[in-house]
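A.B. asks: this one's sequence-less:
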């Protein structure tokens with residue numbers, strides 16, 4: 001190691017210095033502290049992530065505000081698999097952390113689709129009509145899609161890990177009650193339980209994704225790989241949920257045990273998450289500022305979204321000539337307009353960050369996910385209606401149709417993980433939109449009397465690539481485009497658009513189905529095709545928007561090419577360190593500090 005005292009006085013220059021971390025676990029936040037002399041004993045501390053149960057205590061007298069995690073993580077090599085300071089001394093814990101993040105996605109998607117193979121059983125048990133079937137799936141998506149927006153904000157303010165634990169506990173309780181609902185002969189209580197499941201998981205997925213966004217620095221290969229695995233877990237959860245549910249319902253003839261087993265799995269995952277997810281200090285604690293949730297904005301926004309979605313999902317059953325449907329639609333639109341008016345003028349900490357409403361690329365990304373996953377939600381629901389009502393598949397047979405997802409989804413995630421560090425996420429988003437539309441066209445043209453191993457199997461071999469590519473691509477665009485204090489919000493916005501789009505457009509498709517059946521009673525195939533035409537329209541819209549987003553990315557890259565060349569030459573000089581001349585060059589960034597540490 002180079003001794004500073006042995007360096008000639010003429011070669012001594014000022015450098016950035018950092019305190020040594022605690023011996024048991026690393027604890028960092030990153031700090032753009034002022035430059036200190038090497039002879040100074042006053043060294044800024046690094047503090048952000050505190051290991052659970054750690055005895056280490058940290059102070060930061062010189063910089064009480066601290067910095068964001070990504071800034072400090074940038075002083076670490078991003079290409080090693082154990083580059084995170086928190087996991088440096090315990091790399092196995094990083095694997096557990098990644099598993100806990102993936103399980104959050106798996107349980108979210110599994111719960112969303114768990115009722116699909118049970119549609120006929122639930123309809124018979126509760127004596128519900130065709131128009132009420134959509135509520136078994138859309139009630140979950142409705143609650144999650146509306147509450148998830150504020151859940152990420154709550155996680156950013158009160159702690160990501162706290163929000164995750166609360167969400168798991170809430171969902172576990174209501175999963176048990178969903179099984180108990182089998183003793184009730186009306187579907188209302190069961191639908192409420194499904195909605196409460198969605199409300200609980202609304203606090204899980206965005207905040208575990210926010211934790212991953214804070215742990216890994218933007219643009220790193222590790223972050224791309226983790227978010228690709230999150231994309232993989234979406235179709236895996238979407239397939240495993242119905243498969244397990246169909247198997248339990250067929251073997252035991254007691255569909256209630258589907259939700260009891262689900263509650264057990266949630267409880268185990270909650271324990272794993274409590275152990276592995278680091279306690280990341282909220283941004284308000286790092287900055288020493290008091291940040292409150294915009295409860296007024298939350299109330300107005302949630303009410304408007306719930307009412308608007310309720311109208312579209314209830315209208316097929318009640319009819320558009322019902323007075324309360326029209327009244328609620330008008331009220332929801334008025335509240336929605338008032339929400340944007342209020343958020344733009346009054347709250348100091350708006351529910352939706354202003355950067356989201358002003359940055360065109362973020363807006364386009366959210367709209368692309370909104371329309372594409374809305375079309376995919378219709379495809380998911382209509383496929384099960386098709387095979388159960390037109391092909392007379394039982395629950396396990398209909399759920400088994402999703403088995404190609406397990407293999408194809410794994411392949412898609414691996415390819416995405418290799419490509420996403422080489423190809424812009426915006427371009428992967430375009431490819432995934434095309435895949436979504438192709439899947440919709442395949443289901444539209446699928447004959448009733450045909451072997452499963454033809455178009456039916458091909459839909460899920462191909463369609464899962466759209467899921468596996470769009471989710472990580474959208475996640476990376478939003479995560480890298482938002483400041484670190486809004487990382488929980490990034491996950492919230494992503495999942496809000498996905499889940500709310502699936503619920504809303506499923507209700508609109510239900511209205512289309514009801515109108516076709518009124519004109520052609522009993523013609524399920526005609527209603528099915530009409531819904532799929534609507535889904536194709538949604539996916540086509542997503543393709544157009546994604547192409548616009550990709551073109552904007554190309555234009556920005558061209559505009560920045562000239563300036564980046566000149567800046568690169570300057571930064572190269574700043575990063576040089578010459579041990580031969582015993583000179584320590586001034587370091588002006590965390591990356592340079594890491595470079596000097598490696599030399600010494």
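C.D. replies: Arrived safely. Remember, predicted model here, so these are calculated numbers, not experimental data.

A.B. asks: Show me the helices in the stretch 151-300 of the chain, by range?
C.D. replies: Under the criterion DSSP state H, counting those that start in this stretch, the stretch 151-300 of the chain carries helices at the ranges 160-180, 187-201, 205-215, 221-252, 256-276, 283-287, 295-318.

A.B. asks: What of the stretch 301-450 of the chain?
C.D. replies: Using DSSP H, counting those that start in this stretch, the helices found in the stretch 301-450 of the chain span residues 323-345, 354-358, 360-385, 395-400, 404-419, 425-445.

A.B. asks: Need the contact partners of stretch 103-110.
C.D. replies: Applying C-beta atoms under 8 Å, 6 or more residues apart in numbering, the set of residues contacting stretch 103-110 from outside is 144, 164, 171, 201, 204-205, 208-209, 230, 233-238, 240-241, 244, 262, 265-266, 269, 272-273, 495. (C-beta placed from N, C-alpha, C; glycine too.)

A.B. asks: swap the cut-off to 7 Å and go again
C.D. replies: Taking contacts as C-beta atoms under 7 Å, 6 or more residues apart in numbering, the residues outside stretch 103-110 that touch it are 201, 204-205, 208, 230, 233-234, 236-238, 240-241, 265-266, 269.

A.B. asks: and what of stretch 324-335?
C.D. replies: The set of residues that contact stretch 324-335 without belonging to it, under C-beta under 7 Å, 6+ apart, is 300, 303-304, 307-308, 310-311, 314-315, 318.

A.B. asks: 6 Å - rerun?
C.D. replies: Stretch 324-335 is touched from outside by 300, 303-304, 307-308, 311, 315, 318, with contacts defined as C-beta atoms under 6 Å, 6 or more residues apart in numbering.

A.B. asks: Kindly report the same for stretch 438-445.
C.D. replies: Contact partners of stretch 438-445, identified using C-beta under 6 Å, 6+ apart, comprise 375, 379, 455, 459, 462-463, 532, 535-536, 539.

A.B. asks: Mind checking which of the residues you listed land in helices?
C.D. replies: Among these, the members found in helices (DSSP state H) are 375, 379, 459, 462-463, 532, 535-536, 539.

A.B. asks: What is the lowest-pLDDT residue among these?
C.D. replies: Across those, the smallest pLDDT goes to residue 463, namely 88.

A.B. asks: And stretch 200-210, how far out from the chain middle?
C.D. replies: 8 Å (C-alpha atoms, centre = their mean, to the nearest Å).

A.B. asks: What of stretch 459-473?
C.D. replies: How far stretch 459-473 lies from its chain's middle: 15 Å, per C-alpha atoms, centre = their mean.

A.B. asks: same check, this time on stretch 240-259
C.D. replies: Stretch 240-259 has its average C-alpha position 27 Å from the chain's average C-alpha position, going by C-alpha atoms, centre = their mean.

A.B. asks: Quick check: pLDDT value at the nearest residue to residue 412 once chain neighbours are set aside.
C.D. replies: With C-beta to C-beta, 6 or more residues apart in numbering as the measure, residue 468 is the residue that lies nearest to residue 412, at 3.6 Å, once sequence neighbours are left out. pLDDT, residue 468: 81.

A.B. asks: so residue 468 makes contact with residue 231?
C.D. replies: Yes: proximity of residue 468 to residue 231 meets the contact threshold set by C-beta atoms under 6 Å, at 4.7 Å.

A.B. asks: With neighbour numbers in mind, choose between these two.
C.D. replies: Summary of the neighbour comparison: residue 468 and residue 231, criterion other C-beta atoms under 10 Å, with residue 468 having more neighbours (33 against 30).

A.B. asks: Surely the more buried one is in a helix?
C.D. replies: Yes: when DSSP: H, G, I helix; E, B strand; the rest coil is applied, residue 468 is found to be in a helix.

A.B. asks: residues touching it, list them.
C.D. replies: Shown here is residue 468, whose contacts under the criterion C-beta under 6 Å, 6+ apart are 231-232, 409, 412-413, 416.

A.B. asks: Ok, residue 136 next?
C.D. replies: Contacts of residue 136 were listed using C-beta under 6 Å, 6+ apart, and they are 115, 122.

A.B. asks: Helix or strand: which one has it?
C.D. replies: Secondary structure assigned from DSSP states H and E places residue 136 in helix 133-158.

A.B. asks: List the backbone torsions phi and psi for the residue nearest to residue 359 when sequence neighbours are not counted.
C.D. replies: Using C-beta to C-beta, 6+ apart and skipping residues adjacent in sequence, the residue nearest residue 359 is residue 481, 6.6 Å away. When quoted as degrees, to the nearest 10, the phi and psi of residue 481 stand at phi -90, psi -10.

A.B. asks: gap between residue 481 and residue 214?
C.D. replies: 15 Å (C-beta to C-beta, to the nearest Å).

A.B. asks: Who has more neighbours out of these two?
C.D. replies: Neighbour tally, residue 481 and residue 214, criterion other C-beta under 10 Å: the higher count belongs to residue 214, 27 against 16.

A.B. asks: That one is in contact with residue 280, isn't it?
C.D. replies: Yes: counting by C-beta under 6 Å, residue 280 is a contact partner of residue 214 at 5.3 Å.

A.B. asks: and for residue 468 and residue 231, which residues touch both?
C.D. replies: Here residue 468 and residue 231 share the contacting residues residue 413, scored by C-beta under 6 Å, 6+ apart.

A.B. asks: sorry, back to before: of all the helices of the stretch 301-450 of the chain, which one is nearest residue 137?
C.D. replies: Smallest distance to residue 137 across those (C-beta to C-beta): 6.1 Å, for helix 360-385.

A.B. asks: returning to what we had before: can you redo the helices of the stretch 151-300 of the chain as CSV with mean pLDDT and distance to residue 552?
C.D. replies: Below are those laid out as CSV (pLDDT from 0 to 100; distance: least, C-beta to C-beta, whole Å):
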stretch, mean pLDDT, distance to residue 552
helix 160-180, 92, 31
helix 187-201, 91, 33
helix 205-215, 82, 23
helix 221-252, 82, 21
helix 256-276, 92, 37
helix 283-287, 58, 29
helix 295-318, 86, 28
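
A.B. asks: most packed of those?
C.D. replies: helix 205-215 (a mean of 30; mean count of other C-beta atoms under 10 Å).
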